[in-house]
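> I'll drop the sequence and a predicted model, then ask my questions.
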Amino acid sequence: MQRRVPPHLAACLALLATACSTGVNPATGRREVVLMSTQEEKKIDETQAREVEAQLGLVRDPELLAYLDAIGQALAAHSPRRDVNYHFEIVEMEEPNAFALPGGHIFVSRGLLVVANSEAEIANVLGHEIGHVAARHAAQQDAHVKTLGLASLLSDLMSGGEQESSDNERISGSFVARYARNQEREADRIGLELATEAGVDPSGLGGFLRTLDQLSRLQQGFSMPQTYFATHPAAQERMIEASARAQEHEWRSERAPLREWQPGRPVAKSRAEFLAHLEGIAVGRPASEGVFDGERFLHADLGFMVQFPSGWRLTNMSSQVVGISPKRDAVALLQLDSPGEDPAAAARAYAMREGFPIGDAISLRVGGLPAFRARALVPTSFGRIPAEITWVAHQGMIYRLIAGMQPGSLRSYEGVFRKFSHSFRALGPEDRARISELRLRIATARPGETLVELSERTRNEWDPTYTAVVNGFAPGALLAPGTPVKIAVREPYTAKPSGSPPRPADPAGLREPRPAPGADS
């Protein structure tokens, strides 16, 4: 028997059909369903680029950025998609990672650069991310999710049963995951094509994936898994496939036959020159973002310190510093409020901006600095919580210390919160002397020197096995004289001279923002 479609469902089906426009994929030449226009892609790209800067932070090293851009633009010149401008940035992230936004913003993490062993490795990673943009994978995923969502809804309405809806949801979720893996493979293929056309050694991708695989094996059970593998699925399979493709002397793309790969002109002419571009990059979070010394948070550039409660889990984020109680029923937040000298005025402006009243307000001094304290129901990323808030003025900026808890817990945490908010003070010379950071340095092997001996001589804080992996050496190998070796050296931090006072990236920012690259100013 034929099942008659009710009129309201027929209208939904018609809407689905008209919404699903088709277009030609610039990377493959195939026609496909696309619901997102290029204008929407650019708008999303610019918005998310600003969010990336505010939440993760960007490395602001002009020479290193220029080097990365030179590598990226050489590949982007061969991109099959010509309606976007590619921008290459470095995010303040310790874990190796890379990602692309739909309108051409491509980000690599600082941690990825630390473990990269050649310009070809970085170039192939950038080529992979350019492949995501060129193939419009974000638009594909958007269309896929939207059409699956509506189709699932229609199926549920037609069947009238909850079980079928649940089955559809499971099938849809499985298909989306498989679709994402196919996107990764396609981005690999496009990236290898771009590398070949640009004269970049296409074996770089396989080499980079092998290094990450070795690091993951080395650190398994002792640290977090490599972020790149978490966001780029099927790593083992892709590593084998990328290596096999790179070994082919000539292979055909979906767009045109490729000539046999011929070495081009790299930006860095040697490994030593490549490593020179990376030397000095922070290993781990840079001290310019503030550091923890036990429970104390010290910020040399902004010139203050705060003592967080003992035993709490502490996180230094780009937008704020967070402490969470062991029972997860209380939180302490340090945020940059606004430029100014009047904590009471900042408190009133914050309450008006966020739309809540403040009570039990009092002016006071904290660490010899002007301050203002009040209680309120505060909106945070953890939801609205009852909190005691202290605003403190220091060197032309107002800082906000929020101590919040579950309703009814104020009595048990009141003393802890007061100690936290009253600990804010200017940084003294002894405090500054305690601030240090790890930096990537390049050491040169001496005749007959082993990696263990080199590490001892240079005060390398990486253990020899880790040092071997991030340099692409076999553990225990004897180093040839003059071999450049990446090491991590702890160095005292010197605060950067302050110009104009920083502005918050958002109401909770601790970083001075700048317009996202490529965004309209």
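Happy to help now that I have it.
> For the protein, which residues score under the pLDDT cut-off?
Scanning the chain for pLDDT under 70 picks out the ranges 1-36, 138-180, 220-261, 380-382, 408-410, 497-521.
> Residue ranges of each domain in it, please.
Following automatic domain parsing, the chain resolves into domains at 38-278, 289-432, 436-492.
> Can I get those domains in a markdown table including mean neighbour count?
Where C-beta positions appear, they are placed from N, C-alpha and C, glycine not excepted. Below are the domains of the chain laid out as a markdown table (neighbours: other CB atoms under 10 Å):
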| stretch | mean neighbour count |
| --- | --- |
| domain 38-278 | 18 |
| domain 289-432 | 18 |
| domain 436-492 | 17 |
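> and the one helix or strand Val125 maps to, C-alpha only, in PDB?
Using DSSP states H and E, Val125 falls within helix 119-134. The C-alpha trace of helix 119-134 is given here as PDB (Å, rounded to 0.1, in the frame of the first residue of the first chain):
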ATOM      1  CA  GLU A 119      59.700  23.300   6.700                       C
ATOM      2  CA  ALA A 120      58.100  20.500   4.600                       C
ATOM      3  CA  GLU A 121      56.200  19.200   7.700                       C
ATOM      4  CA  ILE A 122      54.700  22.600   8.500                       C
ATOM      5  CA  ALA A 123      53.900  23.200   4.800                       C
ATOM      6  CA  ASN A 124      52.100  19.900   4.500                       C
ATOM      7  CA  VAL A 125      50.000  20.700   7.600                       C
ATOM      8  CA  LEU A 126      49.100  24.100   6.100                       C
ATOM      9  CA  GLY A 127      48.300  22.400   2.800                       C
ATOM     10  CA  HIS A 128      45.900  20.100   4.600                       C
ATOM     11  CA  GLU A 129      44.100  23.000   6.300                       C
ATOM     12  CA  ILE A 130      44.000  24.900   3.000                       C
ATOM     13  CA  GLY A 131      42.400  21.700   1.600                       C
ATOM     14  CA  HIS A 132      39.500  22.100   4.100                       C
ATOM     15  CA  VAL A 133      38.900  25.600   3.000                       C
ATOM     16  CA  ALA A 134      39.300  24.900  -0.700                       C
END
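> counting contacts, what elements does that helix pack onto?
The helices and strands touching helix 119-134, judged by 3 or more CB pairs under 8 Å, 6 or more residues apart in numbering; DSSP states H and E, are helix 62-76, strand 98-100, strand 105-109, helix 110-115, helix 162-198, helix 204-219.
> Show the contacting residues for Leu454.
Leu454 makes contacts with 443, 445-446, 460, 479, 485, 487, as judged by CB atoms under 8 Å, 6 or more residues apart in numbering.
> one step back: and of the helices and strands packed on helix 119-134, who's closest to Phe292?
helix 110-115 (18.5 Å; CB to CB).
> So which other helices or strands are in contact with that closest one?
strand 87-91, helix 119-134, helix 204-219.
> quick one: contacts of the first one?
Going back to what we said before, that points to strand 87-91. The contact list for strand 87-91, computed with CB under 8 Å, 6+ apart, reads 49, 52, 56-59, 61, 64-65, 68-69, 71-73, 97, 104-110, 113, 126, 517-518.
> do stretch 271-290 as well
Stretch 271-290 is contacted from outside by 57, 59, 61, 63-64, 67, 92, 94, 110, 113-114, 116, 118-119, 268, 291, 297-302, 316, 318, 321, 435-442, 484, 486, 488, 493, 496, 510-511, using CB under 8 Å, 6+ apart.
> picking up where we left off before, so can I have TSV of the helices and strands packed on helix 119-134 showing distance to Val469?
As requested, these are arranged in TSV below (distance: least, CB to CB, whole Å):
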stretch	distance to Val469
helix 62-76	23
strand 98-100	19
strand 105-109	17
helix 110-115	8
helix 162-198	23
helix 204-219	5
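> Give the burial count for Arg285, as a bare number.
Arg285: 19 surrounding residues under other CB atoms under 10 Å.
> how about it, phi and psi?
Dihedral pair for Arg285: phi -70, psi 130, per degrees, to the nearest 10.
> That one and Gly57: what is the separation?
Using CB to CB, to the nearest Å, Arg285 is found at 9 Å from Gly57.
> cool, Pro286 as well?
9 Å.
> Overlap in contacts, those two.
Contact with both Pro286 and Gly57 is made by residues Glu92, according to CB under 8 Å, 6+ apart.
> Which of the contacts of stretch 271-290 fall in helices?
Among the contacts of stretch 271-290, the members falling in helices (DSSP state H) are 63-64, 67, 110, 113-114, 119.
> Between those, which sits nearest Leu427?
When these are compared against Leu427 (criterion: CB to CB), the nearest one is Arg110, at 24.9 Å.
> Next, the contact list for Leu68, please.
Contacts of Leu68 by CB under 8 Å, 6+ apart are 88, 90, 108, 122, 126.
> Next, give me the two most distant ones among these.
Ile90 and Leu126 (11.6 Å).
> Mind listing the shared neighbours of those two?
68, 108.
> quick one: the helix holding Val125 to helix 62-76, angle?
Helix 119-134 runs at 60 degrees relative to helix 62-76, counting by axes from the mean of the first three to the mean of the last three CA atoms, to 10 degrees.
> i'd like the first residue to be 20 from this point on
With the count now opening at 20, the last piece we talked about shows up as helix 138-153.
> got a markdown table for the helices and strands packed on helix 129-134, with distance to Thr409 too?
Shown next, in a markdown table, are the helices and strands packed on helix 129-134 (distance: least, CB to CB, whole Å):
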| stretch | distance to Thr409 |
| --- | --- |
| strand 106-110 | 31 |
| helix 138-153 | 43 |
| helix 223-238 | 40 |
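> Of all these, which one is nearest Gln326?
Closest among the helices and strands packed on helix 129-134, using CB to CB: strand 106-110, at 29.3 Å.
> How about the contacts made by Ala406?
Taking CB under 8 Å, 6+ apart, one finds 394-397, 399, 421-424 in contact with Ala406.
> what's the helix or strand for it?
Using DSSP H and E, Ala406 sits within strand 402-413.
> How far off centre is that strand?
Distance, stretch centre to chain centre, for strand 402-413: 28 Å (CA atoms, centre = their mean, to the nearest Å).
> can you check stretch 87-101 too?
That offset, for stretch 87-101, works out to 21 Å (CA atoms, centre = their mean).
> end to end, how far does that stretch reach?
One end of stretch 87-101 to the other measures 20 Å (CA to CA, to the nearest Å).
> now stretch 108-117
10 Å.
> just stretch 328-346 next, same as before
Across stretch 328-346, first to last residue, CA to CA, it's 13 Å.
> Run through who's touching that stretch.
73-76, 111, 304, 308-311, 314, 316, 325, 327, 349-354, 432, 435, 438-439, 524-525, 527-530.
> Bridge partners for the residue nearest to Val302 when sequence neighbours are not counted, pull those for me.
Excluding the flanking residues, the one nearest Val302 by CB to CB, 6 or more residues apart in numbering is Leu457, at 4.0 Å. Counting by DSSP bridges, Leu457 is bridged to Val302, Arg509.
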